[in-house]
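Participant: After the sequence you'll find the predicted model.
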Amino acid sequence: MITLFFCMMILAFVAGAISLAVKLTWSLTKVIFSIVGTVIVAALLLSGGFVVAAFLVFIFAGVGGILAAVSA
């Protein structure tokens, strides 16, 4: 009976650790992709001659970052 309880607690701990790892990894992946993606989009817009659109991308990304930081 104690062994069964111990096994259930180990499984609960492992499931919680895996869940936490997935949440942290997903957040880190989103942050990295948003930073890299914004730079790539802005660079492509600048190289294509769309300077105003590139500045708008940076403005929207900056406002979004500020709002995300304030709401967290």
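Facilitator: Looks like it came in fine.
Participant: what's the single longest helix in this protein?
Facilitator: In the chain, with assignment by DSSP state H, the single longest helix is helix 2-47.
Participant: Can you name the next helix or strand after that helix?
Facilitator: Counting by DSSP states H and E, the element after helix 2-47 in chain order, helix or strand, is helix 51-71.
Participant: Next, count neighbours for Ala42.
Facilitator: 19 (other Cβ atoms under 10 Å). For the C-beta atoms, the positions are set from N, CA and C on the backbone; glycine is no exception.
Participant: now do the one 5 residues further on
Facilitator: If you count neighbours by other Cβ under 10 Å, Ser47 ends up with 9.
Participant: and it, how far is that from Val36?
Facilitator: 16 Å (Cβ to Cβ, to the nearest Å).
Participant: Low-confidence ranges, this structure, go.
Facilitator: Counting by pLDDT under 70, the chain shows low-confidence ranges at 72.
Participant: Nearest residue to the middle of it?
Facilitator: In the chain, the centroid-proximal residue (Cα atoms, centre = their mean) is Lys30; its distance is 2.5 Å.
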